[in-house]
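1. Output the structure for:
(2 chains)
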Amino acid sequence: MAPITFPTTIDQTTELLRSGGYVSDRALATSLYLALAMKRPLFLEGEAGVGKTEIAKVLSSTLQRDLIRLQCYEGLDVSSAVYEWNYPRQIMAIRLVEASGKSTDAAQQIYSEQYLIKRPLLQALEKHDSGPPVLLIDELDRTDEPFEAFLLEVLSDFQVTIPELGTVKAEQPPIVIITSNRTREIHDALKRRCLYHWVDYPNADRERAILAAKAPDVGASLGAQVVSFVQMLRGMELFKPPGIAETIDWAMALKTLNARELDPATVDATLGVVLKYQDDIVRVRGDVAAKGVVSAKKAAE
Amino acid sequence: MTSTIPNNIMHFARILRRAGLPIGPGKVIAALQALPLINITSKDDVYWTLHALFVNRHAQSELFKLAFDRFWRSPDHVNDDLSLIDQAQKQRGDHDPQILPRRISEAFAELDSTHPRIIENESSPDENMIEAVASWSASEKLRSQDFETMSAAEMSEAKKLMAALRLPIPTVCTRRYAAAAKGQRIDLRATLRSSLATGDLVYLKRRAPTERHPPLVVLCDISGSMAAYAHMLLHFLHSITNDRNRVHVFLFGTRLTNVTRELKHRDPDVALARVGSTVQDWSGGTRIGEALGQFNHLWSRRVLGQGAVTLLITDGLDRDGGAGLAMETKRLQRSSRRLIWLNPLLRYAGFEPKSAGIRAMLPHVDEFRTVHNLDSLATLVSALSKVSSARREFAAVAA
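-> Below you'll find the predicted structure:
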């Protein structure tokens, strides 16, 4: 099966994302289109829950490519991100050579590809039947600087050097999406190799469209009220403003409770779905929520 | 592509570069490759294309927008703006004429001096620490004096002491391993590799987790009541910032300023001059609650994410009478591995935490230390080295 070709204009990129249920703005579509056309990694930064990871998933499903995900964490090292030698098999091979009494070069044998365990980064450089895969390097800010430095080789030349085996280079570079929640600054050397995009909270129109695409069961009027209430919360300088993921969760939660529209009691009871810090909940619960409900209803009409 | 476009892009890149965006030739080439891929008659598309390539921090977006709008209106007029940017940079003072000659004359003076000089070495922090303490005991008189009443000569001596000081913050275990003779884990890769050389005998190679310093975030009060210490503290902050990775420094009076980049300059006087021109609210009032609130809102998740130790340097005298302070301090404490409060007010023997600000903050800090003379900066060092002592031991003081 021939791989689905990349979009050739920004409009087509928007359309592609939309076909996967992702409503993007022009800025994001431009960055993504360029990343695909120029074969460069796309670096997405933004608050938690604004749909950074989702982009990679949507790309992989709409372009019908494999999705290879590397979830970053502190202490992530080469043996869990790139490759590891299969030590039990290597030891077994050495024993077999010894037992057979043949004098072969054990070193050459046990450091061949069949003893190599491939981890996500190496998998992404391999040839895939459906075309170059989507490589998602998720939450890069969770790793430490040494791993970032290692990524430089992978991202600029799409190759990995294994000392015992040589350099593995991708015939066709994978589609690389890197996300960061900005819990620390990523080094400029890495960012320089990528296209940068700051994923912001959506405006009300786009958020309504996202909600309609992601939670079609939620009625239009409840959806509009939820969106304008959440938009009000984002303007409040809370410790953690709700992301789009929270909006969708909240709308689903209200739907599950069979709510047809917002009312102060239900809002108070379900605030924990939208706000994840006790200070924020205390601030909003009661008067603020009640006023918010009134204005959200007015705005949604 | 018409031939004027490459020139325009290069021109535009130069403008951004002067405005402080890190744009190398690689990015310009990438931009020239990108433009044929899009419809360059659409201003929006060109904007976001160049944005994706030239911007790599969210904070640069605003600057980029201004530059782009300006450039698109009339590329020629931008030259006027460039000269303005130039002037602004000169005013910020890369080479402040007053600073360097003084330092040079000091350097000559030092040659004549018979006093033993403090040797700065780059080895382990503990050794430096001993050295710093040792040089303090040699200058007894200086130690017992307050910064407020020091003469210029004593100031410069103290400055040198501070420059020799290295903060030994205890390291924390990482999840990364390194070869270690007596490590807990067996390093299979190294074991197998070495077994190829030795043949029949297999020596087990071991590895152990590595350790590193936790990040340090310093929030330092520079309001009027702290003015006497500000200069000295800044020298102190400068030496920590250059001593290790992952130090973030914020100054606050009525508002919060991140001065980490300014302090990164190796030369303390240049770094301080830069800080001096960046920070706008020297020796003014204090709004501790608001400053902490701003920090919690804008920075806490960006710089405290990796288990940072927070050092708060303030006298706790708050113009707003402690409004919102308890809540913000509590939030700060919850986001930090450890919140250490350093208070210079305690120099008076009969100190009692009476001010509303102090009473609001005390219950929420993990450690409470004093800083009123050099002796207390040694206390600060020990305060920072000790991560395991009981939380909120001073909570009782406020009650």
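2. Excluding sequence neighbours, find me the nearest residue to residue B:56.
-> residue A:191 (3.9 Å; Cβ to Cβ, 6 or more residues apart in numbering or on different chains). Placement of C-beta: from N, CA and C, glycine included.
3. residue contacts, residue A:33?
-> A:7, A:9, A:10, A:12, A:13, B:37, B:38 (Cβ atoms under 8 Å, 6 or more residues apart in numbering or on different chains).
4. and the fifth one, how many neighbours does it have?
-> By that I understand residue A:13. For residue A:13, the count of nearby residues is 25 (other Cβ atoms under 10 Å in any protein chain shown).
5. Now do the buried residues in the helix or strand harbouring it.
-> Residue A:13 belongs to helix A:10-19 when assigned by DSSP states H and E. Across helix A:10-19, burial judged by 16 or more other Cβ atoms under 10 Å in any protein chain shown covers A:10, A:13, A:14, A:16, A:17, A:18.
6. Stretch A:285-300 too?
-> By 16+ other Cβ under 10 Å, the buried positions in stretch A:285-300 come out as A:285, A:289, A:292, A:293, A:296, A:297, A:300.
7. Give me the distance between the last one and chain B.
-> Here residue A:300 is placed at a distance of 28 Å from chain B (Cβ to the nearest Cβ, to the nearest Å).
8. quick revisit: cross the buried residues of stretch A:285-300 against strands and list the overlap.
-> Judged by DSSP state E, strands contain none of the buried residues of stretch A:285-300.
9. who's in contact with residue A:117?
-> Going by Cβ under 8 Å, 6+ apart, the list of residues near residue A:117 reads A:83, A:84, A:85, A:86.
10. For residue A:136, what are phi and psi?
-> The phi/psi pair for residue A:136 (degrees, to the nearest 10) reads phi -100, psi 120.
11. What backbone torsions are found at the closest residue to it other than its chain neighbours?
-> Leaving aside its sequence neighbours, residue A:136 sits nearest to residue A:56 (Cβ to Cβ, 6+ apart; 3.9 Å). As for residue A:56, its main-chain torsions (degrees, to the nearest 10) stand at phi -60, psi -40.
12. For burial, what's the neighbour tally of residue A:56?
-> 24.
13. Does it touch residue A:178 like I think?
-> No: using Cβ atoms under 8 Å, residue A:56 is not in contact with residue A:178, being 9.4 Å away.
14. and residue 50, how many neighbours?
-> This is for chain A. 20.
15. switch to chain B, that's the one I care about
-> Considering only other Cβ under 10 Å, residue B:50 is surrounded by 23 other residues.
16. Enumerate every residue touching residue B:58.
-> With contact set as Cβ under 8 Å, 6+ apart, residue B:58 has these partners: A:45, A:182, A:198.
17. How about the secondary structure of it?
-> Three-state call for residue B:58 (DSSP: H, G, I helix; E, B strand; the rest coil): coil.
18. Give the other helices and strands that the helix or strand containing residue B:289 contacts.
-> Using DSSP H and E, residue B:289 maps to helix B:288-294. Other elements packing on helix B:288-294 under the criterion 3 or more Cβ pairs under 8 Å, 6 or more residues apart in numbering or on different chains; DSSP states H and E are strand B:216-221, strand B:247-252, helix B:325-335, helix B:356-361.
19. CA atoms of the helix or strand following the first one as PDB?
-> Looking back up the chat, that one is strand B:216-221. Going down the chain from strand B:216-221, the next helix or strand is helix B:227-243, by DSSP H and E. Extracted C-alpha coordinates of helix B:227-243, given in PDB (Å, rounded to 0.1, in the frame of the first residue of the first chain):
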ATOM      1  CA  ALA B 227      18.600  48.200  50.600                       C
ATOM      2  CA  ALA B 228      21.600  48.000  52.800                       C
ATOM      3  CA  TYR B 229      22.000  44.300  52.100                       C
ATOM      4  CA  ALA B 230      20.900  44.300  48.500                       C
ATOM      5  CA  HIS B 231      24.300  44.900  47.100                       C
ATOM      6  CA  MET B 232      26.000  42.300  49.200                       C
ATOM      7  CA  LEU B 233      23.300  39.700  48.500                       C
ATOM      8  CA  LEU B 234      23.600  40.300  44.800                       C
ATOM      9  CA  HIS B 235      27.200  39.400  44.900                       C
ATOM     10  CA  PHE B 236      26.300  36.300  46.800                       C
ATOM     11  CA  LEU B 237      23.600  35.500  44.200                       C
ATOM     12  CA  HIS B 238      26.100  36.100  41.400                       C
ATOM     13  CA  SER B 239      28.600  33.600  42.800                       C
ATOM     14  CA  ILE B 240      25.900  30.900  43.300                       C
ATOM     15  CA  THR B 241      24.500  31.500  39.800                       C
ATOM     16  CA  ASN B 242      27.900  31.000  38.200                       C
ATOM     17  CA  ASP B 243      28.800  28.100  40.500                       C
END
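20. is any part of the helix holding residue A:13 close to chain B?
-> Yes: contact of helix A:10-19 with chain B (Cβ under 8 Å from any Cβ of the partner chain) involves residue A:10.
21. ok, now how distant is the residue in the stretch 201-350 of chain B that chain A sits nearest to from residue B:358?
-> For the stretch 201-350 of chain B and chain A, the shortest gap (Cβ to the nearest Cβ) falls at residue B:305, measuring 2.9 Å. Residue B:305 is 29 Å from residue B:358, where distance means Cβ to Cβ, to the nearest Å.
22. Out of those two, name the residue with the larger neighbour count.
-> With neighbours defined as other Cβ under 10 Å, residue B:305 and residue B:358 compare such that residue B:358 has more, 25 against 16.
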